[in-house]
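kindly return the folded structure for what I paste below:
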Amino acid sequence: MNPEILVDLVTKTMPFGKYKGWLLCDIPEHYLVWMHGQGFPEGKLGMWLSTLYEIRLNGLEEILRELKKRYPAKQ
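Coordinates of the predicted model:
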């Protein structure tokens, strides 16, 4: 896996919908489960969301917590 994908999860925001403007890593799990059922969007956003879904599914959130400390959100 490309490590930049993980950095993107803690630095990029959701571009649309109920969670527009939220950091991708902060999107609630229930939304990711719903999105998984609907089908993730194409392109980078879909790849980011499916990666986040797999991280949550496998209980690897600590990776994201550590990266958030290293790459704090810009104000």
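
any weak-confidence spans in the chain?
1, 74-75 (pLDDT under 70).

let's see it at 90
Low-confidence segments of the chain (pLDDT under 90): 1-3, 69, 71-75.

ok, then the element right after the longest helix along it?
Secondary structure of the chain per DSSP state H: the longest helix is helix 43-57. The C-terminal neighbour of helix 43-57 among helices and strands, as given by DSSP states H and E, is helix 61-70.

can you tell me what sits against that following helix?
6-7, 9-10, 23, 25, 55 (Cβ atoms under 8 Å, 6 or more residues apart in numbering). For glycine as for every other residue, the C-beta is placed from the backbone atoms N, C-alpha and C.

if we use 7 Å, what do you get?
With Cβ atoms under 7 Å, 6 or more residues apart in numbering as the test, helix 61-70 has contacts from 6-7, 9-10, 25, 55.

make a markdown table out of those residues and add distance to E42, neighbour count and secondary structure.
As requested, the contacts of helix 61-70 are exported to a markdown table (distance: Cβ to Cβ, whole Å; neighbours: other Cβ atoms under 10 Å; DSSP: H, G, I helix; E, B strand; the rest coil):
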| residue | distance to E42 | neighbour count | secondary structure |
| --- | --- | --- | --- |
| L6 | 21 | 21 | helix |
| V7 | 21 | 13 | helix |
| L9 | 18 | 23 | helix |
| V10 | 22 | 21 | helix |
| C25 | 21 | 22 | helix |
| I55 | 20 | 18 | helix |
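
pick the one among these closest to G17.
C25 (16.0 Å; Cβ to Cβ).

just checking, that closest one touches V10?
Yes: taking Cβ atoms under 7 Å as the definition, C25 is a contact partner of V10 at 4.9 Å.

ok so, going back, tabulate the contacts of helix 61-70 (a markdown table), appending distance to Y19.
Below are the contacts of helix 61-70 laid out as a markdown table (distance: Cβ to Cβ, whole Å):
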| residue | distance to Y19 |
| --- | --- |
| L6 | 19 |
| V7 | 19 |
| L9 | 14 |
| V10 | 15 |
| C25 | 11 |
| I55 | 17 |
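
among these, which two are most distant?
Most distant of the contacts of helix 61-70, by Cβ to Cβ, are V7 and I55, 13.2 Å apart.
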